[in-house]
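K.L.:
Take a look and give me a structure for this.
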Amino acid sequence: MNVLVSGGGGFIGQHLQKKLKEHGHTIFAPDFPLSELNLWKQAIADNDIDTFVHLAGISSIAECDGDMGRAFSVNVQGAYEMAYLV
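P.N.:
As a prediction, the model looks like this:
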């Protein structure tokens with residue numbers, strides 16, 4: 001299966017990629033900002049992506065509390081946009 005991982009460079013993303021590869025999956029984890037939807041759309045089309053894991057989010061509770069609009073945009077809207085593209 002071809003798996004797109006947003007946030008693949010982070011701690012969890014790196015470990016997830018390792019496990020997915022061990023199970024025979026092909027991983028694509030670009031380092032694009034989530035706001036660059038055209039880049040993500042092209043990457044999905046070019047790599048025949050079957051599914052995705054959205055890990056590119058704001059994990060700090062304090063940062064989310066400090067800017068709830070940005071936290072929603074990145075964490076929730078980002079996941080929605082990725083699902084829509086795939």
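
K.L.:
Which parts of this structure are strands?
P.N.:
2-6, 26-28, 51-54 (DSSP state E).

K.L.:
Lowest mean pLDDT across those, which one is that?
P.N.:
Note on the strands of the chain: strand 51-54 shows the lowest mean pLDDT, a mean of 91.

K.L.:
Mind listing residues that contact that strand?
P.N.:
For strand 51-54, contacts defined as Cβ atoms under 8 Å, 6 or more residues apart in numbering pick out 1-7, 13, 16, 78-79, 82-83, 86. To be clear about C-beta, it is placed using only N, CA and C from the backbone, and glycine gets the same treatment.

K.L.:
ok, it: who's next to it in the sheet?
P.N.:
Partners of strand 51-54 in the sheet, by DSSP bridges, are strand 2-6 (parallel).

K.L.:
and the partner strand, how far from the chain's centre?
P.N.:
Strand 2-6 has its C-alpha centroid displaced from the chain centroid by 7 Å (Cα atoms, centre = their mean, to the nearest Å).

K.L.:
Leaving out the residues flanking it, which one is nearest to Ala29?
P.N.:
Gly8 (2.6 Å; Cβ to Cβ, 6 or more residues apart in numbering).

K.L.:
Any of the contacts of strand 51-54 buried? List them.
P.N.:
The neighbour count (16 or more other Cβ atoms under 10 Å) marks 3-7, 13, 16, 78-79, 82 as buried among those.

K.L.:
Export those residues as a markdown table, with columns for distance to Trp40.
P.N.:
Shown next, in a markdown table, are those (distance: Cβ to Cβ, whole Å):
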| residue | distance to Trp40 |
| --- | --- |
| Val3 | 14 |
| Leu4 | 8 |
| Val5 | 12 |
| Ser6 | 8 |
| Gly7 | 12 |
| Gly13 | 15 |
| Leu16 | 18 |
| Gly78 | 10 |
| Ala79 | 12 |
| Met82 | 7 |
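
K.L.:
From these, pick the one nearest Ala43.
P.N.:
Using Cβ to Cβ, Leu4 comes nearest to Ala43 of the buried ones among the contacts of strand 51-54, at 7.3 Å.
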